[in-house]
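In: Fold the following, please.
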Amino acid sequence: MVNQGNERLKALIKLLQTESESYGPVLKRELAAAIKANPARVQCVLLEEFQTSAPLPVVHTLEEICWEDLAAALARFAAKINPDLEEGLALLSKFTAPAVSRKDVSAPLDELARELRPALLNAKNQAEIAGILSHYFFRVRGFQTLPSNLDVKDISFARFLRKKRGSSLCAACLYATVGQRYGLDVNLVDLAGRVLVHLRGFSGRESLFIDPLDNGKLLREEDCRNYISARQIEWNDEFLSPLSSRMIVRRLIANMIYALNKLRDERRLKYLREYLEIIKG
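Out: Residues are numbered from 1 along each chain as shown. The predicted structure follows:
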C-alpha cells in the first residue's frame, strides 16, 4: 500500500513538470491533499525521485502549498488567548522545512529536560539553575549562537535543535521551553534589541538574566542598566517586561524578513509579510 501511494505521488510530481493551464490547478489540488495527509512522505518521494535535481516548478508548488497552509495555522495560533510558544516555534519551522511536525520540537526538548533533571533537582537557588542550564546547553550539548548575519534556515527552531547552531533568539527560546518543563518562572525580555532570558526566583525577589549570545553569561539587573547606560539610552522599565509568545514569533518572522530582504527574495518575502500581519492582528 505504501509503495502504491509512493508511485502515485511520483506520477503526480512528474505530471506537474509539464502541467498545462487546464490541468495545472487540478494537479496542484491533488498535491495539496497529499501534503496535508503526509508531508513527510511527499518530501521523501521528491528526494527519492529527483535526489538533488528536483525541478524548480515542482519544488515551488510544494513550498507554496505548505506556506498557504502555514498562514491558516498561524492565524489559529494568533487567535488563542494565550498561545503556546512551543507550538508557535514548531509552526514557524515549517517555513523552511514543510515536513516538520510538533514532535520534531517536543521530542528533543523532552530529551534535554530528562538529562537535566538530576542536576536541576539538586540546585539550591536560581543562580545555580541558570549556571546548570548554560553549562549543559553550551558546553555539554555544544549549542552555538551565530552572529546577526544569518541564513533564514538558522532562524528555524526545529533546525536549531537538530543542528545545534542558530540565532541567539532560538537559544533564548531553548531556555524558555526547557525551563517551563520544570515550572520555572522563565521569560524572554528585549533589552533595547538584545534578547535576554529572565529567570525569576520563586519568592520574586531573586532575578537573574542570561545572555544566550554570550554562551549563557549570567547578568544582574545592574548589569542590564549599565549596558543601557553605555549605549546612551534612557532606561525604561518596559525593557524587563516579558515578551509574549506572539511577540517572540513575531520577532522570529521579522528576523526571517531581514535575512531575505538582503537576498531580495520576493517570493518568500510575500508569505512572511503576510505571516507578520497575521501575528500583529
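
In: Look up how far residue 98 lies from residue 156.
Out: 11 Å (C-beta to C-beta, to the nearest Å). Glycine gets a C-beta too; all of them are placed from N, C-alpha and C.

In: So between those two, which is more surrounded?
Out: residue 156 (25 against 19; other C-beta atoms under 10 Å).

In: Need the pLDDT of that one.
Out: Model confidence at residue 156, given as pLDDT, is 96.

In: How much space separates it from residue 10?
Out: The value you get for residue 156 to residue 10, if C-beta to C-beta is used, is 28 Å.

In: Could you do residue 76 as well?
Out: 32 Å.

In: Likewise for residue 234?
Out: Taking C-beta to C-beta, one finds residue 234 at 62 Å from residue 10.

In: now do residue 115
Out: 41 Å.

In: Looking at the two, which is more packed in?
Out: Legend: neighbour count by other C-beta under 10 Å for residue 115 and residue 10, higher for residue 10 (15 against 12).

In: For that one, what are phi and psi?
Out: Note on residue 10: backbone dihedrals following degrees, to the nearest 10 are phi -60, psi -40.

In: What of residue 186?
Out: According to degrees, to the nearest 10, residue 186 has phi -120, psi 130.

In: gap between the top helix by length along the chain and the chain center?
Out: Longest helix in the chain by number of residues (criterion: DSSP state H): helix 56-79. Centroid separation for helix 56-79 versus its chain: 15 Å, with C-alpha atoms, centre = their mean, to the nearest Å.

In: what's the answer for stretch 126-135, then?
Out: Counting by C-alpha atoms, centre = their mean, stretch 126-135 comes out at 23 Å from the chain centroid.

In: So residue 119 belongs to a helix, correct?
Out: Yes: counting by DSSP: H, G, I helix; E, B strand; the rest coil, residue 119 is located in a helix.

In: What residue, apart from its backbone neighbours, is nearest it spatially?
Out: In space, and not counting its chain neighbours, residue 119 is closest to residue 132: 4.9 Å by C-beta to C-beta, 6 or more residues apart in numbering.

In: pretty sure the one you found contacts residue 123?
Out: Yes: if you go by C-beta atoms under 8 Å, residue 132 and residue 123 touch, sitting 5.9 Å apart.

In: who does the helix or strand hosting residue 209 touch, helix- and strand-wise?
Out: Per DSSP states H and E, residue 209 falls inside strand 207-211. Contacts defined by 3 or more C-beta pairs under 8 Å, 6 or more residues apart in numbering; DSSP states H and E place strand 207-211 against helix 126-134, strand 194-200, strand 217-219, helix 221-230.

In: What is the burial count for the closest residue to residue 84 other than its chain neighbours?
Out: Sequence neighbours aside, residue 245 is the residue nearest to residue 84 in space, at 6.6 Å (criterion: C-beta to C-beta, 6+ apart). Neighbour count of residue 245, defined by other C-beta under 10 Å: 23.

In: Now do the contacts for residue 245.
Out: Counting by C-beta atoms under 8 Å, 6 or more residues apart in numbering, residue 245 makes contact with 82, 83, 84, 85, 88.
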